[in-house]
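J.: sequence first, predicted model second:
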Amino acid sequence: MGDRRREIPGTDRVLADPRVAAAVGRLGHERVVQVVREVAQRARDGLLPPTEVVAETVAALPDSACGMRRVLNATGVLLHTNLGRAPLSAAAREALDIAAGTTDVELDLDTGDRGPRGASALAALREAVPAAEAAHVVNNGAAALALAATALAAGREIVLARGEMVEIGDGFRIPDLLTSTGARLHEVGTTNRVRLDDYRRALGPDTGFALKIHPSNFVISGFTAEVPVAELRDLGVPVVADIGSGLLRPDPALPGEPDATTTLTDGADLVIASGDKLLGGPQCGLLLGRAELVHRLRRHPLARALRVDKLTLAALEATVRGPRPPVAEALHRDGLPERAAALADSLAAAGIPAEAVDTRATVGGGGAPGVDLPSAAVALPVRFAKQLRLGTPPVMARVERQRCLLDLRALDPADDDALRRAVLGAQ
């Protein structure tokens, strides 16, 4: 019997297959050739029959040149940090496609001269939050806070309640960020209680501003006291409020969550928020407030290092001006028990032990701590959690009490059929 390695098709022959050739335009020539060579090497090593090289190459080609994959979020966490927090609306995705080409991001088409960067996105923010005299956008919420601390309090003091010195994900601590800017922290009050007099006694000629931080990922209950922005407004120093989650206006579904409009109306001079949380847009940091302060931030040298690109500006504007984004839809979604029952019945009819159950979802992503949202899920045997995660498309479920729960609160109803097919394929 001859050496079967001679039967392995050459690279050019594999590339000539219409299915492989079509992938070159999607993935690039070098990436496709790399896959072809990897598959051919498997055949040379005797792990694959030569006759299957072309078919295996087609199967091994990725769907996209991007390494990220679309994941169905069945965790019941609306803003799942590991899944990229807020999914963008169709309007924001369309805006990204436009912005990906040549655009007038920094050009005045009427005059042909250079124009203000992202003017329409900033105008959209001001229209959405009339209480803000001006707006500025940086690359994330931490950057917004760092810019404010650097521009307003470098070499000076920031007065901050001890109970608001929070740590967020991955060991990131707000106090460390603030002191890295050259500002000094003047802690007031105790972990659970702070009074207005505590702030007053801390003020001095070195005070840059008083900072109010919403503890967005924990709740202190019991014997507690805090000072709202409305009482801090008369301290005689700028009041900066980091509301975290990105609500621009009050939402009846989250009555305890701070929003930019109310916080500014209550007397904050500057509000900091994230664009990729409850606002439902791309990752960015919003700075809204008094024109004089925002101008100082915008003109600070650090602002250049923190500025956002045209893709972020486009997606942000479309989120603010466009239809309700997916996060807001999920927050106010109804019909969940009926969806869960229909999905469970369909799976049970296919021989899969599935049951519709009531459950509780959460906002996640550092928003609305302690708030549970009524939801519904399909309960499966726990073995499905891993099988679904490794499937196509991957499905992230929640494991609870030795069951795999497919919570539907964060999942668009249009994805129910894709979820059903994923479960059927995971048997």
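T.: Everything's here; your move. Numbers count the residues shown, from 1 in each chain.

J.: okay, CA-based contacts and neighbour counts for the rest of this
T.: Will do.

J.: direction included, what does the longest strand along the chain pair up with?
T.: The residue-count maximum for a strand in the chain (DSSP state E) belongs to strand 367-381. Using DSSP bridges, the strands paired with strand 367-381 in its sheet are strand 355-364 (antiparallel), strand 403-407 (antiparallel).

J.: pick the most deeply packed of these.
T.: Mean neighbour count (mean count of other Cα atoms under 10 Å) peaks for strand 403-407 among those, with a mean of 25.

J.: contacts for the helix or strand following it, please.
T.: Using DSSP states H and E, the helix or strand that follows strand 403-407 towards the C-terminus is helix 416-425. Here helix 416-425 makes contact (Cα atoms under 8 Å, 6 or more residues apart in numbering) with 72, 343, 346-347, 350, 352, 384, 388, 391-395.

J.: low-confidence stretches in the stretch 51-200 of the chain?
T.: Under the criterion pLDDT under 70, the flagged ranges of the stretch 51-200 of the chain are 169-170.

J.: now the helices: where do they sit in it?
T.: For the stretch 51-200 of the chain, applying DSSP state H, counting those that start in this stretch gives helices covering 53-60, 90-99, 119-128, 141-153, 174-180, 196-202.

J.: deepest of these, which one?
T.: Mean neighbours per residue, mean count of other Cα under 10 Å, is largest over those for helix 141-153, with a mean of 24.

J.: what packs against that one?
T.: Helix 141-153 makes packing contacts with helix 174-180, strand 207-213, strand 270-274, strand 285-289, helix 291-299, helix 301-306 when contacts are defined by 3 or more Cα pairs under 8 Å, 6 or more residues apart in numbering; DSSP states H and E.

J.: just so I know, which of the ones you listed lies nearest Gln34?
T.: Proximity to Gln34, assessed across these by Cα to Cα, is greatest for helix 301-306 (36.4 Å).

J.: just give me the neighbour total for the residue lying closest to Glu167 once chain neighbours are set aside.
T.: Ranked by Cα to Cα, 6 or more residues apart in numbering and with sequence neighbours excluded, the top spatial neighbour of Glu167 is Arg173, at 4.2 Å. Neighbourhood size, Arg173 [other Cα atoms under 10 Å]: 13.

J.: go on, Ala86?
T.: 24.

J.: so it makes contact with Leu79?
T.: Yes: in this structure, Ala86 is within contact of Leu79 by Cα atoms under 8 Å, at 5.6 Å.

J.: beta partners of the closest residue to Ala341 other than its chain neighbours?
T.: Distances taken as Cα to Cα, 6+ apart place Ala356 nearest to Ala341, at 5.2 Å, with adjacent residues excluded. Beta-bridge pairing for Ala356 (DSSP bridges): Val378.

J.: dump the residue contacts of Ala356.
T.: 337, 340-341, 343-344, 376-379.

J.: now do 6 Å
T.: Ala356 is in contact with 340-341, 344, 377-378, counting by Cα atoms under 6 Å, 6 or more residues apart in numbering.

J.: Asp45: which of those is nearest?
T.: Of the contacts of Ala356, the one sitting nearest to Asp45 (Cα to Cα) turns out to be Val378, at 44.4 Å.

J.: for the closest one, what are its contacts?
T.: For Val378, the contacting residues are 340, 344, 355-356, 405-406, by Cα under 6 Å, 6+ apart.

J.: likewise Ala144?
T.: Residues in contact with Ala144 (Cα under 6 Å, 6+ apart) are Gly285.

J.: dump the helices and strands packed on helix 141-153 into TSV; add distance to Pro62 as well.
T.: Formatted as TSV, these follow (distance: least, Cα to Cα, whole Å):
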stretch	distance to Pro62
helix 174-180	39
strand 207-213	43
strand 270-274	33
strand 285-289	33
helix 291-299	42
helix 301-306	33
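
J.: among the ones you listed, which is nearest Ala59?
T.: Closest approach to Ala59 among the helices and strands packed on helix 141-153 is made by strand 270-274 (39.9 Å; Cα to Cα).

J.: can you list contacts of that closest one?
T.: So strand 270-274 is contacted by 141, 240-246, 284-289 (Cα under 6 Å, 6+ apart).

J.: go again using 7 Å as the cut-off
T.: 140-141, 144-145, 239-246, 260, 264, 284-290 (Cα atoms under 7 Å, 6 or more residues apart in numbering).

J.: and if you look at stretch 34-47?
T.: Residues from elsewhere that reach stretch 34-47 (Cα under 7 Å, 6+ apart): 5, 8, 11, 48-50, 53, 56-57, 60-61.

J.: check those residues and tell me the two furthest apart.
T.: Arg5 and Leu61, at 22.3 Å, using Cα to Cα across the contacts of stretch 34-47.

J.: the two: which is more packed in?
T.: Using other Cα under 10 Å, the more surrounded residue of Arg5 and Leu61 is Leu61, with 19 against 15.

J.: residue contacts, that one?
T.: Leu61 neighbours (Cα under 7 Å, 6+ apart): Val35.

J.: give me the phi and psi angles of it.
T.: Backbone torsions of Leu61, given as degrees, to the nearest 10, read phi -70, psi 130.

J.: what residues are up against Ala74?
T.: 395-397, 406-408, 410-411.

J.: neighbours of Thr51, how many?
T.: Number of residues near Thr51 (other Cα under 10 Å) recorded here: 12.

J.: excluding its backbone neighbours, what's nearest it?
T.: Of all residues not flanking Thr51 in the chain, Ile8 sits nearest, at 7.3 Å (Cα to Cα, 6+ apart).

J.: give me the pLDDT value at the one you found.
T.: Looking at Ile8, its pLDDT stands at 88.

J.: again with the one 5 residues further on
T.: Reading off the per-residue confidence, Arg13 sits at a pLDDT of 92.

J.: spit out the contact partners of Val320.
T.: Contacts of Val320 (Cα under 7 Å, 6+ apart): 124-125.

J.: tell me the one of the contacts of helix 416-425 nearest Leu125?
T.: Nearest to Leu125 among the contacts of helix 416-425, counting by Cα to Cα, is Leu72 at 30.1 Å.
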